[in-house]
Every structure is written in structure tokens, then in C-alpha cells.
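# Dropping the sequence and predicted coords here.
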Amino acid sequence: MNVPQLAAVDAARAARMLSEVREARLAGQRARVAPRPVIEQSWERVLRSGVDPEHGARAGLLSSEEVRRRREESPLRDVLPVLREGLLSVADVAHHIMVVADEEGRVLWREGCSPVLRKADGLGFELGADWREDVVGTNGVGTPAVVRRPVQVFAAEHFVRSHTTWTCAGAPITDPRDGRLLGVVDVSGPLETMHPATLAWVDSVAKLAEARLRELHLSALERLRAVAAPVLARLRGRAAVVDGDGWTAAVTGMPYTNRIALPKSLSPGRRWLPALGLCSVEPLSGGWLVRALDAAEEPSPAGATRIVLDVTRPRRWSVTVSGGAGSWSHELSPRHAELLYLLAVHRGGRGAAALAEDVFGDPARTVTVRAEMSRVRRYLGGLLEHRPYRFREDAEVEVLLPDDPKDLLPHSGAPAVTGARTTDSVPGRPGRRPRNP
């Protein structure tokens, strides 16, 4: 049965036939028409997982704070403009909604036709809901995530009865760097509003989103290449500069290779890497310097990393890192200047709630703090640790402050910063280096 074509010609007849197929399958009987292979295989998985076909199940919704945190950390936030431009205008006119879920099937964004959004609420298709296949049965979010390809689920092809008035078309979005599933984009609505071309449309927009992610990755490598050039020019022997996933920005003394396999949790120091053998690893802005060591070589001594936070010039705040291979600098946004100043002052570290209190006067604003610290760690990498957030123990940290305490981060309304402006005994005065407690 060509389900998309039949639904386009006679939606009511298609719904009846699919309902007969579903009832026969659940009763262990042979239907007049076999379900589509992708649906039959999904039903078999769902039956094994124990989902109730009559009533289904709903996992608890994520809190609004957790939804915000996942949005901030998801790479999909960078392609939302692509998804909205490609899907929303048509979806709204056609009485559909667009749903974007993360790799765990949690709904993070949901936009489109208001009446359809209200109907989705009744199905539990809400922000923070869990739409994995083994939780809510065959559907346009969970099933594409399992099979890793676009899937359209019509009416009674849904496993749970309450979903059978609904039709969904979903496509996975994968990370072009490593093929990892990032999430699923789905267009959903009543059966009679769907078109046979909906699946191809959603898949095309998902591919555009992946292309945008690829562009962003290449741009990040270009920025890293600019940082790498002066560093590699000073080195002898074999060395490479790679991003956090091992993609190569530049090399010296060795053939170029697209990617170097890195451990899942890489930290500075001496490491054994399959491609290069024994290596010295140092953080760079947006990546790592990987230097192959000869048998007689020793890695850079502990404590060789020096971090200088310069907040002396209005609107030109920066952090400079110096190590065995040279130095690099990164200009800071106002918020990042605040956060790094606080971490430099509190060398023992600050938790998310403590930083939220320092910056906003509200310890509950941990989601915003974690999102900003995630961005800071993109360029400081292994130089920052977390739980609590802090500079590495073996790093020497110096803070360069303006001569007048009143000129300390003048844009800032953070309670901890405004308090520091009122005293002459500010930790980190020029010439002082906050060290480990």
C-alpha cells in the first residue's frame, strides 16, 4: 500500500485501512494489507519494550530550567534559523507544527499553528516531553532517531491509540564532524492536512541544517588555524593543532591528516595518541596543540601555563595564555570578563549557584551561568575545570586591573563586582597574582 499517496487522495479511507492493519497486528492476525516495513519493524521493537498500545505512557516533563539548559547546550540552537525559515511559514499555513527534539527525544522547541499546538498538548507533545520510541511508541520523533533516516508515520501507523489521529514526518539531524545524532526535526498535524511530499520537504530542510553545521565547523577551524600559525612557526619536530573533536587545523613537520583520534576526556600533559605515539598536549583557544615527543623528551613542566586576565582597558578585556609553545589571546565579552575575574579572585572555585549570586544576586539563575561557562570553556578548554568552576590547579593566574578600583568593569552591575569597586583591597590588584589557596 502506498500510504502517502492514498492519504493524499482519500485521508479517511487511508485512516480506516491503517486502523485495520494495526488492530490485526495487535491481535496477532494477518491483515489484508501488510504494514510498511519501517512501521512493522518499529512495532516489533515497541512490543518488546512493553509500551501499552491502548493507553501509552508519559514520562515526566523536564522542568523549564532544564529545557533552557538543554537548549543552550544543544548544537541545534545554531541551526534554528534554518529550520524556521525552511519549515515554519508553510507549516503554519498548512495547520502543522514544527518540533525539534534532542538526541534523547526530549522536545526542546515547538512552534507553528496555534490550534494544532493546543491539540498537541492533549497528546503530551509538549516542551520537555520524552518522545523516544520505547516510551511513547512509533512516532515521527522517536522512530527516525532509532533508524537514523527520515520516517513519516500516518494515523494508525502510530502504536498508541491516542496518537492515531495524528501524522508526523521526522528527519534526524547528525553532527557532520562525527556522525553523532544531535536530534530530530518533525512536522506534525492532523492526517487530512498532510501531503505526500511532506517527508521529502522535512528531510531537505534537515540536510540544509547539517550543511549549516558543516559551515560553522569550517569557520571554527579557520579561526583556530589563525591561532595555530604563530605557535607552530616556533616549533621544531612534529606537531598539530586540532579542535576539541580532533579535526586538524594545521600541522608542522608531519603529513597533513584530516583528523587525529583523541581520548574522550582530554586534559593537558603527556598523552599517548595512536596516530603520533607519546605527545605533549596543551590547550589553545578553541582547540589543542599536540606535539609528538621523542623518547628522550620530557613534557612541559607542571605549572608552566600562565594565564593573564587584563581588565585595565574599557571594553577591551582579554585573557592571554602562555605555555611551552608560546602564547595566545582571546578578547572577552562583558559577561565573560565578569566570570573570569570572579574565578581568578576565587581560586578555590565557585559553583554555579555561587556565580549566579555573584553576577545576578540570584543563586537560582544557574542555567544562565552554566550556558555562559560552557561558552568560556570552548576557548579555554582544559584550563578551566568544573564542579566547581575554577582555573586548573597548576596554572599561574594574574589579574591586571585599572589603577582606580572605580574603573573595574564599569559596565557591570554584578553585586560581586560593584562591591569590589568600593574597596582598595581588591584581590588581584595590578602586580598581584592570585594563587592557589
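Cool, got the structure. Every value quoted in this text rests on a predicted model; they were computed, and no experiment measured them.
# which residues touch the closest residue to Ser63 other than its chain neighbours?
Of all residues beyond its chain neighbours, the one nearest Ser63 is Gly128 (7.1 Å), with distances taken as CB to CB, 6 or more residues apart in numbering. (Each C-beta comes from the backbone N, C-alpha and C, glycine too.) For Gly128, the contacting residues are 61-64, 66-67, 106-107, by CB atoms under 8 Å, 6 or more residues apart in numbering.
# quick one: which of those residues sit in strands?
Val107 (DSSP state E).
# Neighbour-wise, which one of the contacts of Gly128 leads?
Val107 (25 neighbours; other CB atoms under 10 Å).
# ok, now which ones touch that residue?
99-101, 125-129, 131, 141.
# do that again at 6 Å, thanks
If a contact means CB atoms under 6 Å, 6 or more residues apart in numbering, then Val107 has 99, 101, 127, 129 as its contacts.
# Bridged to it, which residues?
Ala101 (DSSP bridges).
# Going by secondary structure, Pro35 is in what exactly?
Assigned by DSSP states H and E, Pro35 belongs to no helix or strand.
# mind starting the numbering at 341 from now?
Happy to do that; since the first residue is 341 now, the last one works out to Pro375.
# quick revisit: narrow the contacts of Gly468 to those in helices?
Judged by DSSP state H, helices contain the following of the contacts of Gly468: 404, 406-407.
# now, among these, which is nearest to Gly701?
Using CB to CB, Ser404 comes nearest to Gly701 of the ones in helices among the contacts of Gly468, at 20.7 Å.
# Tell me how far the closest one lies from Arg472.
Using CB to CB, to the nearest Å, Ser404 is found at 21 Å from Arg472.
# repeat for Tyr596
When Tyr596 is compared with Arg472 (using CB to CB), they lie 41 Å apart.
# neighbour count winner among the two?
The neighbour comparison of Tyr596 against Arg472 (other CB under 10 Å) goes to Arg472, with 19 against 8.
# Once you drop chain neighbours, what's closest to the more buried one?
Gly445 (3.7 Å).
# Gly480 versus the one you found, what's the distance?
Distance of Gly445 to Gly480, computed by CB to CB: 11 Å.
# Between those two, which is the more surrounded one?
Gly480 (31 against 22).
# Remind me which helix or strand the closest residue in space to that one that isn't next to it in sequence belongs to.
Spatial nearest neighbour of Gly480, excluding adjacent residues (CB to CB, 6+ apart): Cys508 at 2.5 Å. Per DSSP H and E: Cys508 is located in strand 506-514.
# ok, the residue nearest to Gly480 to Pro654 distance?
52 Å.
# Pick out whichever of the two has more residues nearby.
The neighbour comparison of Cys508 against Pro654 (other CB under 10 Å) goes to Cys508, with 32 against 11.
# can you point me to the longest helix in the chain?
Max-length helix for the chain by DSSP H is helix 538-573.
# Beyond that one, next helix or strand please.
Next element after helix 538-573 (DSSP H and E): strand 579-582.
# close enough to count as contact, Arg409 and Val707?
Yes: using CB atoms under 6 Å, Arg409 makes contact with Val707 at a distance of 4.7 Å.
# Okay, strands next: where are they in the stretch 341-490 of the chain?
With strands called from DSSP state E, counting those that start in this stretch, the stretch 341-490 of the chain shows them at 437-442, 447-452.
# Pick the most deeply packed of the ones you listed.
strand 437-442 (a mean of 26; mean count of other CB atoms under 10 Å).
# per-residue pLDDT, the residue nearest to Gly691 when sequence neighbours are not counted?
Residue nearest to Gly691 in three dimensions, not counting chain neighbours: Pro728, with 4.5 Å by CB to CB, 6+ apart. Per-residue confidence (pLDDT) for Pro728: 93.
# likewise Leu680?
pLDDT at Leu680 comes out at 94.
# I figured it hits Ile647, correct?
No: Leu680 lies out of contact with Ile647 (CB under 6 Å); the separation is 8.8 Å.
# With just CA atoms, put stretch 443-459 into CSV.
Written as CSV, here are the backbone C-alpha positions of stretch 443-459 (Å, rounded to 0.1, in the frame of the first residue of the first chain):
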residue,chain,number,x,y,z
GLU,A,443,19.2,13.2,20.8
GLU,A,444,17.3,11.8,23.8
GLY,A,445,13.9,12.5,22.2
ARG,A,446,13.1,15.4,24.6
VAL,A,447,11.1,18.2,22.9
LEU,A,448,13.2,21.4,23.1
TRP,A,449,11.4,23.7,20.6
ARG,A,450,7.8,23.6,19.4
GLU,A,451,6.3,26.3,17.1
GLY,A,452,3.6,26.7,14.5
CYS,A,453,-0.2,26.7,14.1
SER,A,454,-1.8,27.6,17.5
PRO,A,455,-4.9,25.3,17.3
VAL,A,456,-2.6,22.4,16.4
LEU,A,457,-0.3,23.3,19.3
ARG,A,458,-3.3,23.0,21.6
LYS,A,459,-4.1,19.6,20.2
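# Need the mean per-residue confidence for it.
Stretch 443-459 comes out at a mean pLDDT of 93.
# Equivalent analysis for stretch 552-569, please.
Here the average pLDDT along stretch 552-569 is 94.
# picking that back up, I'd assumed Arg690 was in contact with the residue nearest to Gly691.
Yes: Pro728 lies in contact with Arg690 (CB under 6 Å); the separation is 5.5 Å.
# neighbour count winner among the two?
Arg690 (23 against 15).
# Show me what that one is bridged to.
Tyr729.
# okay but it is in contact with Arg727, surely?
No: Arg690 is beyond contact range of Arg727, at 10.8 Å (criterion: CB under 6 Å).
# Show me whatever sits in contact with both of those two.
Joint contacts of Arg690 and Arg727 (CB under 6 Å, 6+ apart) do not exist.
# And the helix or strand containing Gly759, how far out from the chain middle?
Per DSSP H and E: Gly759 is located in helix 755-761. Distance of helix 755-761 from its chain centroid, counting by CA atoms, centre = their mean, to the nearest Å, is 33 Å.
# This completes my enquiry, with thanks.
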